[in-house]
Structures are given as structure tokens and as C-alpha cells.
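Chemist: pasting the sequence and the predicted model now:
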Number of protein chains: 2
Amino acid sequence: MGLKPFILITNDDGVLAGGLKALTEVASEFGDVIVVAPDDSQSGMSHAITIKQPVRVDSKKEKEGLKIYSCSGTPVDCVKLALNQLLDRKPDLLLSGINHGSNASVSVLYSGTMAAAIEGGVNGIHSIGFSLLDYSQDADFTLAKDISRRVIKEVMKNGVPTEICLNVNIPVVSKGSLKGIKICRQTKGFWKEEFVKRTDPFNRDYYWLTGHFNNNEPDAKDTDEWALKNNYASIVPIRVDYTCFDYIQELEKRTF
Amino acid sequence: MGLKPFILITNDDGVLAGGLKALTEVASEFGDVIVVAPDDSQSGMSHAITIKQPVRVDSKKEKEGLKIYSCSGTPVDCVKLALNQLLDRKPDLLLSGINHGSNASVSVLYSGTMAAAIEGGVNGIHSIGFSLLDYSQDADFTLAKDISRRVIKEVMKNGVPTEICLNVNIPVVSKGSLKGIKICRQTKGFWKEEFVKRTDPFNRDYYWLTGHFNNNEPDAKDTDEWALKNNYASIVPIRVDYTCFDYIQELEKRTF
């Protein structure tokens, strides 16, 4: 080939997040890197796109020629802007993260990090999302970097179809305690919301969304939640086509 | 049973949309209906949830006892608020729409309408999203109501597992020209974005997101885009678990 792989990086925690810096450092070992990330936190934005207002882009130059753009939109806006406006060629790989906090189980539905990876897949780009189970801004990304390096290396060597992107979650353990990297399925569960209801100074109610995750199958050893609780990093292959193929034949028997 | 089915309705076009009114009318033929919908358009918000700010709820009473709530959040916020705060029992059915515009192919990823249906599925509720391929505010919902009625009737009679929700799209044709309701898979394709770049009065660039849909397989007769172009209404079963089960075994062979 001669050419170095071209790698697009984004996230949902914003351009200043420590996890983005960690992922950029690892990716730079593998190829030419460009960053297009939100200018502020876009957690929980899922696959949202900005339609009602325009999007702004700022470009920042970093040392050693690394190009960083920040964008006022969502993670998916970042990917769309990168592919259609900012980059002069199609990336070979899209990496999203490293997210500050878990994207295991159904959190993949709400995650801006994983939506960016899915958007990469839709556009025919090999895509991986990374998350560390530590929400703090000054989380230690040492182990997460090590695992990201191993996953990127394997995917660059043996590939993964672009219709599948990988959801990689990393537990908060020491390197010595990590049991390995486990291939999993998405845990069945849901977020049990406990909205906090308050009254504003004008006597109008408002609600803060808060809650806890309910695992429907805590003992299922093939799930990502089980793996993470048992000191494994988890990889779930996510299909960018949401069709439930198994159920098409059953529906075809029905009379609508 | 004795009890009438309890039906939750939401959408992403907002509480005043004609499509919501149409769906409410149809649903009322089947059971007790409650509406919890965004107070304004939330198109393209996908599965986003509101984390950084609180959410407000307004309740409006309509004639004949129909309860309507409007919410300042996203469609998924509406579902979460309904299930965890506003309703006194779990709905038997969640209906979302009727959306003003298509949610066929990859539009399901960006759609707030379909995200609300998927959120219903995650919470163990039979869920259906409906969309009419007409973006105008004064679209004619006569045929869409007829098809919605047929689909709701079938699902209430024979059920669908809650891990699957239905994505129903309806073409803009006369009732006489409709060829039927076709079970389909999600068309492979992507939105080719053409950002419009402008400069504001302060000499800063901004971008408007715009584009057109690129169908990767226009001749595939088992896809929703083909069905809609050929005067069928389409139903795609959508799995709320995004795991690509077929690829787990392949990944397990790899050395990460």
C-alpha cells in the first residue's frame, strides 16, 4: 500500500475529554489521525442530527501536524461533516471514544459514542466505539489504551465487515486483575427511571432524568454486563441494520 | 379481561401534529388512549435523552376524557416520563406517529418516532411506529389511518414479541392504487450529505445539514424502499437488541 491508514476519531464527551486524547495517542501509532469531535459534552444524544439550526466548526492545529476540528453539533453531525465536508479522502477506520462511562447493554441505544461508530458503519467504514466504566473527568486510561491498542491491531489485521461495528467496554481494574477480552452479546435490561420532580420559583414543576440500570439476566455469562462485572473487557458486535430477519417469515404468514 | 387495552401514543413531530391526531383517532377505536408527546418538533432526535437540563410537562385536557401531556424533551423522554411518572399502569401498546415523512431504510436510525417505539420494546411493551411519506403539515392521513387500523388490529389479535417493534411506512397513493401491505427488510443505503456552507455577519462560517438518500440496492424487492416505490405500505420488524449474533462465533476465533 505505501499509504498509512487514515483514521477518523470522534467522541461524545467533547474535544477536551481525556478519553479522546487517550484514543488519539493510541491511534497515532497505527496511522494518520484526524479528530472531529463535539465542542461540548453530547452524552445521551444517540443518533441525533442537527436539523433546526446550523452547525459551526472550529479548527485547531495541534503540534506534530495532528488536525483537530471541534463542532457545535452531535457526534453523528461530526461524522457527517467529516465525511462530506472536512476530509479529502474516506477514512480507513473510525474510532469513537474513549467514552467516560459504560456503553454496555441497552446504553448502546442512548450513546452518542456508539451512534458515531454506527454512522461510520452505515457509510462503509470499519468502526469501533470504546468506553471505560469510569465517569470521572480525570479517569485513568492506561488499561483502556492498552485494550484499545489490542482491538485496533486485530481489526486492522483481520478486518470486520463494515455492516458490523464493535462496542468495546473496559472495566475499572488494574492490568493484573484483567481476565481478558471477551466476545459478548448485548445484555437484556432497561434503565429504571426515577425522575426527580422539583418546583421552580414560578411554581411550575420540572423533572430531572435519573435512574439505575436493571439487568434482566445478571447470571448470563455470554453478556457484556456479566463480562464487565467479572473483570473482562467486553466486545459486542453491533449490526448497523436493525431488521429482525428471523421474524420476517413469521410476519409474512399474517393477514394485515 | 373486561379491561379495555391501555394505549400510549407519542411522536416526534410534536403534540399539535396532524399525524398524532390521526393516530389518536384510530387508537381510540381499540382502547383507552393517553398521549405524551413533545411540545415541539423533535425530528432527527433519534434515541436522545435529556440529561443536561430538566424536562417540563404540561397537561392538557381534551374533550371525551382523552388525556394529553406535552413534554419539553425528546420522544424517548416522553416515553420514559410516561412509564415512570405520568401513567398509573403499564400500557398494553405503544404507538408512535403517524410521522410526517419517511422512516424507511436507514432513516430508522435518526428517527425520533422509531426511537420511541424501540424504547417501548426495551420496556417490554408491544410497540409500533407509523410514518406517511408526506412531510407537509396538512398531509392527508386517510389512507395512513386505514393502514394503521389494519396493523393495530392484527398486532392486538396475534401479538408480536416485545423485543421486536414494527416500522410501518405508508406511501402517498390513493386507496385504489395501494397494492397491499408488504413485510420487508430495511434497505441498505445512506444519506449523502451536502452541507450548505454560509458565512454569518461576523465572518464566521456555519453549515446547514441537507442531503439526499442513496439507495445501495434499488432493485431488491424484499426492501422497504422498493415496496414504497411500488405502491405498497411496508412493515419492517426492528430488533431492539442490536447485537449481530451471526458474527459472535467468528469474533471468538480471533486473538485480541
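Modeler: The structure has been received and is ready for your questions.

Chemist: does A:L66 really touch A:G31, like I thought?
Modeler: No. Proximity of A:L66 to A:G31 does not meet the contact threshold set by C-beta atoms under 8 Å, at 11.8 Å. (C-beta placed from N, C-alpha, C; glycine too.)

Chemist: ok, A:D32 to A:I118 distance?
Modeler: Computed as C-beta to C-beta, to the nearest Å, the A:D32 to A:I118 distance reads 23 Å.

Chemist: between those two, which has more neighbouring residues?
Modeler: Between A:D32 and A:I118, counting by other C-beta atoms under 10 Å in any protein chain shown, A:I118 is the more crowded of the two (28 against 16).

Chemist: list the contacts for the closest residue to that one other than its chain neighbours?
Modeler: Using C-beta to C-beta, 6 or more residues apart in numbering or on different chains and skipping the chain neighbours, the partner closest in space to A:I118 is A:V240 (5.1 Å). Shown in contact with A:V240 (C-beta atoms under 8 Å, 6 or more residues apart in numbering or on different chains): A:I118, A:G121, A:V122, A:E163, A:I164, A:C165, B:L109.

Chemist: which helix or strand contains the last one?
Modeler: In this assignment (DSSP states H and E), B:L109 forms part of helix B:107-110.

Chemist: the closest residue to A:D241 other than its chain neighbours: neighbouring residues, count only.
Modeler: Distances taken as C-beta to C-beta, 6+ apart place B:Q186 nearest to A:D241, at 5.3 Å, with adjacent residues excluded. The tally of other residues near B:Q186 (other C-beta under 10 Å) stands at 25.

Chemist: A:E64 too?
Modeler: A total of 5 residues lie near A:E64 under the criterion other C-beta under 10 Å.

Chemist: that one belongs to a strand, doesn't it?
Modeler: No. Using DSSP: H, G, I helix; E, B strand; the rest coil, the secondary structure at A:E64 is helix, not a strand.

Chemist: count of neighbours near the nearest residue to A:F195 once chain neighbours are set aside?
Modeler: In this structure, A:F195 finds its nearest non-sequential neighbour in A:Y207, 4.3 Å apart by C-beta to C-beta, 6+ apart. Neighbourhood size, A:Y207 [other C-beta under 10 Å]: 24.

Chemist: also A:A227?
Modeler: Using other C-beta under 10 Å, A:A227 is surrounded by 25 other residues.

Chemist: so who does it touch?
Modeler: Taking C-beta under 8 Å, 6+ apart, one finds A:K182, A:C184, A:A233, A:S234 in contact with A:A227.

Chemist: helices or strands up against the host helix or strand of the last one?
Modeler: Under the criterion DSSP H and E, the helix or strand holding A:S234 is strand A:232-239. Under the contact definition 3 or more C-beta pairs under 8 Å, 6 or more residues apart in numbering or on different chains; DSSP states H and E, strand A:232-239 sits against helix A:112-122, strand A:164-170, strand A:180-183, helix A:224-229, helix B:248-252.

Chemist: model confidence over the longest one, on average?
Modeler: The average of the pLDDT scores along helix A:112-122 is 97.

Chemist: next, the angle from the helix or strand just after it to helix A:112-122.
Modeler: Downstream of helix A:112-122, the first helix or strand assigned by DSSP H and E is strand A:126-132. With axes from the mean of the first three to the mean of the last three C-alpha atoms, to 10 degrees as the basis, strand A:126-132 and helix A:112-122 are set at 170 degrees to each other.
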